[in-house]
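*Asks:* Give the three-dimensional model of this entry:
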Amino acid sequence: MMTIQTYKYAYNLSLAEQGNIFRYDNAHKHPGHQIEHHIHRFDPPGQEIPGSPFETGEDWPTLTEVAMEADGYYWDNLFYDY
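*Replies:* Numbers count the residues shown, from 1 in each chain. Purely as a prediction, here's the structure:
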């Protein structure tokens, strides 16, 4: 199976009426974002958790891996009432 690795990317999972869940990216350089490859993690309803963003290093996920993580989040939280 062939794997395609991105060069510039921003993968975001957000839920209607709840906000962001996570965002992998390297597409911006802002003060406080000294880590090139990183993930922002959020607690519903979209509040970034302390310590975020977290470094992913040179092994950042492919789009397929992020889609699988989003699918897992959906099934893990299907019956939760936020």
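*Asks:* Spatially central, which residue of this structure would that be?
*Replies:* Centroid check for the chain by Cα atoms, centre = their mean gives Arg23 as the closest residue, at 2.7 Å.
*Asks:* Buried residues of the helix or strand hosting that one, list them for me.
*Replies:* Using DSSP states H and E, Arg23 sits within strand 19-25. In terms of neighbour count (16 or more other Cβ atoms under 10 Å), strand 19-25 has its buried residues at Asn20, Ile21, Phe22, Arg23, Tyr24, Asp25. No exception for glycine: its C-beta is placed from N, CA and C like everyone else's.
*Asks:* Look up how far Met1 lies from the first one.
*Replies:* Put plainly, it is Asn20. According to Cβ to Cβ, to the nearest Å, Asn20 and Met1 sit 30 Å apart.
*Asks:* Equivalent analysis for the third one, please.
*Replies:* In this structure, Phe22 and Met1 are 25 Å apart, going by Cβ to Cβ.
*Asks:* before we move on, the earlier item: wait, what's in contact with the residue nearest to the centre of the chain?
*Replies:* Taking Cβ atoms under 8 Å, 6 or more residues apart in numbering, we find Arg23 in contact with Ala10, Tyr11, Asn12, Leu13, Ile39, His40.
*Asks:* Let's see that with 7 Å instead.
*Replies:* Ala10, Tyr11, Asn12, Ile39, His40 (Cβ atoms under 7 Å, 6 or more residues apart in numbering).
*Asks:* For these, give me TSV that also has distance to Ile49, pLDDT and secondary structure.
*Replies:* Below are those laid out as TSV (distance: Cβ to Cβ, whole Å; pLDDT from 0 to 100; DSSP: H, G, I helix; E, B strand; the rest coil):
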residue	distance to Ile49	pLDDT	secondary structure
Ala10	19	92	strand
Tyr11	18	94	strand
Asn12	15	95	strand
Ile39	11	93	strand
His40	9	93	strand
